[in-house]
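Student: have a look; sequence and predicted model below, questions after that.
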Amino acid sequence: MKPAILITITSTVVLGTMIVLFSSHWFMIWVGFEMNMLAIIPILMKKYNPRAMEASTKYFLTQATASMLLMLSIIINLLCSGHWTVSTIPNPVASTMITIALTMKLGLSPFHFWVPEVTQGISLSSGMILLTWQKIAPLSILYQISPSVNSNLLLMMAITSMLVGGWGGLNQTQLRKILAYSSITHMGWMAAIMVYNPTLAILNLTIYIMMTLGTFMLFMHSSSTTTLSLSYTWNKFPLMAPLILMLMLSLGGLPPLSGFIPKWMIIQELTKNDMIIMPTLMAITALLNLYFYTRLTYTTALTMFPATNNMKMKWQFETTKKTTLLAPLIVTSTMLLPLTPMLAALD
Amino acid sequence: MMTYIVSILSIVFVVSFAGFSSKPSPIYGGLVLIVSGGVGCGIVLSFGGSFLGLMVFLIYLGGMLVVFGYTTAMATEQYPEVWLSNKAVLGAFIVGLLSELLAVCYILKDDEAEVVFKFNGMGDWVIYDTGDSGFFSEEAMGIAALYSYGTWLVIVTGWSLLIGVLVIMEVTRGN
């Protein structure tokens, strides 16, 4: 893509999300979502193969349907409340429909089917933008309407997302699909706490974005999209192997890494609200996710995968790829746990 | 007849929606879109919005649909599907019409229905009055407000249209 067009389109993606974040008028929020969706389609279609076209089409169809639902529920809200301000939504029909529209945009179960297929069809850098930046806008709207969201609906979506994300990622060897199922699971955790303490959902989003950005950047550095190519990391970029280990375990939510912070806070907040079965189920389903993260860790950093003999003796060239911001991202994704009391000030 | 003009136009509107949603070939879909656009313009005109109705005719029908018609004429096939040629299309059209008819009958049966908002009998379909409109035409005031209070909206919509064109160029580039 020509640089001028790429700058315009990328700035429109950012502008769309900013409009969603900073608007108090429901119509402008819808406009922001549409702008965001339109502008990210060429970014998803960077490579002109049929797989990328199909992924972009699927993304466009689901997001357009969600935007239509959002518009309908905005109008129903206008009819019942008489104003266009983003606040709690008195009408239960409008509230449920807005929740469904936003969860379609996020990729929560049962609207999760597009996430693995779209993430697999696009390049790693586009997938990075899709799974991190695109989650900010819908979650900000959910944050703003969280007092009026139907808690049964959101909790049901959350627990099914965790189950789908855990079980779906178990049989995958393609890294992009694994990260897609990981995204579904993390969105489930965020949705679960949105009803009780939305600040923790934003905390979860922040830490998830840092971890996912770091993971994607590590994969882009070695251009590995399968577990097999990730298993050559010990030879190609020896420093990356323990970094992948730490990031994967942080994604899985193991203490003492910072991936544990959101899970700990969420379970604590849920038990404060007299829910015992739900956080137990959530903690147990997090084990499914942990299994495939540790499988990736195992093949990358802990064993030598079966490889042909000439893979074991490689010329070690100096890397020419820029690793922008990779070091701070890895540090923040793994070592933030001692700072947890300070994060409570995010209120 | 003038009492029922909005009702008749709305019926034609809704039937033409069923007509193009049943997915005939794009040429026939465009034809029905013209009909629905014209009838929609008539509905807007009946509520006093003369400027906006003429905008619909000029920009929507006279600009966008003309371009759409040209592109479908370039991409047309030898035997385009019409509503009577394919059982699927005919079936979808009839299902659409029947479901609309059923919705009307459900609402008319009790003369009052509440699905999402209250509907108070046939009177609501003839005159939809939301209150006093003052001395100025609401529609003209709205358009004037777009260029005074709504400057940000104009900027955002203009930028979105530009981005729409750029995105379409990028997507259809193909190399």
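Tutor: Here it is on my side, so go on. Fair warning: this is a prediction, and the values are worked out from it, not measured in the lab.

Student: hey, let's count contacts and neighbours off CA atoms from now on
Tutor: Will do.

Student: out of the helices and strands in the chain, which is least certain?
Tutor: I went with chain A, as the question did not name one. helix A:340-343 (a mean of 82; mean pLDDT, DSSP states H and E).

Student: wait, chain B
Tutor: helix B:123-126 (a mean of 58).

Student: what is the next helix or strand after that one packed up against?
Tutor: Sequence-wise, the next helix or strand downstream of helix B:123-126 (DSSP states H and E) is helix B:138-146. When contacts are defined as 3 or more CA pairs under 8 Å, 6 or more residues apart in numbering or on different chains; DSSP states H and E, helix B:138-146 packs onto helix B:50-55.

Student: domain assignment for chain B?
Tutor: Domains of chain B are assigned by the TED database as B:2-128, B:133-174.

Student: doesn't B:Val32 make contact with B:Gly69?
Tutor: No: using CA atoms under 8 Å, B:Gly69 is not in contact with B:Val32, being 11.7 Å away.

Student: tell me which of these two has more neighbours.
Tutor: Counted by other CA atoms under 10 Å in any protein chain shown, B:Gly69 and B:Val32 do not tie: B:Val32 has more neighbours, with 20 against 17.

Student: list the contacts of the more buried one.
Tutor: B:Ser16, B:Phe17, B:Gly19, B:Phe20 (CA atoms under 8 Å, 6 or more residues apart in numbering or on different chains).

Student: per-residue confidence averaged over the helix or strand hosting it?
Tutor: B:Val32 belongs to helix B:26-46 when assigned by DSSP H and E. Averaging pLDDT along helix B:26-46 gives 91.

Student: please apply the same query to stretch A:19-35.
Tutor: 94.

Student: so which bits of that stretch are buried?
Tutor: Along stretch A:19-35, these residues count as buried under the neighbour rule (16 or more other CA atoms under 10 Å in any protein chain shown): A:19-21, A:26-35.

Student: got it, and stretch A:253-273?
Tutor: Of all the residues in stretch A:253-273, those buried under the rule 16+ other CA under 10 Å are A:253-255, A:257-267, A:269-270.

Student: interface residues of chain B facing chain A?
Tutor: B:Val116, B:Phe117, B:Leu153, B:Ser160, B:Ile163, B:Gly164, B:Leu166, B:Val167, B:Glu170, B:Val171, B:Gly174, B:Asn175 (CA under 8 Å from any CA of the partner chain).

Student: swap the cut-off to 7 Å and go again
Tutor: B:Ser160, B:Ile163, B:Gly164, B:Val167, B:Glu170, B:Val171, B:Gly174, B:Asn175 (CA under 7 Å from any CA of the partner chain).

Student: did I read that right, the first one in a strand?
Tutor: No: note on B:Ser160: no strand contains this position according to DSSP: H, G, I helix; E, B strand; the rest coil, which reports helix.

Student: max pairwise distance over the buried residues of stretch A:253-273: which two?
Tutor: The span of those, defined through CA to CA, is set by A:Leu257 and A:Leu270 at 21.2 Å.

Student: backbone dihedrals for A:Phe113, please?
Tutor: phi -60, psi -20 (degrees, to the nearest 10).

Student: what's the answer for A:Thr226, then?
Tutor: phi -120, psi 160.

Student: ditto for A:Thr324
Tutor: Torsion angles, degrees, to the nearest 10, at A:Thr324: phi -70, psi 130.

Student: for A:Met220, see how far away it is.
Tutor: From A:Thr324 across to A:Met220, the span is 12 Å (CA to CA, to the nearest Å).

Student: where do the helices sit along the stretch 101-250 of chain A?
Tutor: Using DSSP state H, counting those that start in this stretch, the helices of the stretch 101-250 of chain A run over residues A:114-121, A:124-132, A:136-144, A:151-168, A:175-194, A:198-222, A:227-230, A:233-236, A:240-252.

Student: mean pLDDT added to these, as a markdown table?
Tutor: What follows is these, written out as a markdown table (pLDDT from 0 to 100):
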| stretch | mean pLDDT |
| --- | --- |
| helix A:114-121 | 94 |
| helix A:124-132 | 92 |
| helix A:136-144 | 95 |
| helix A:151-168 | 94 |
| helix A:175-194 | 95 |
| helix A:198-222 | 92 |
| helix A:227-230 | 89 |
| helix A:233-236 | 85 |
| helix A:240-252 | 92 |
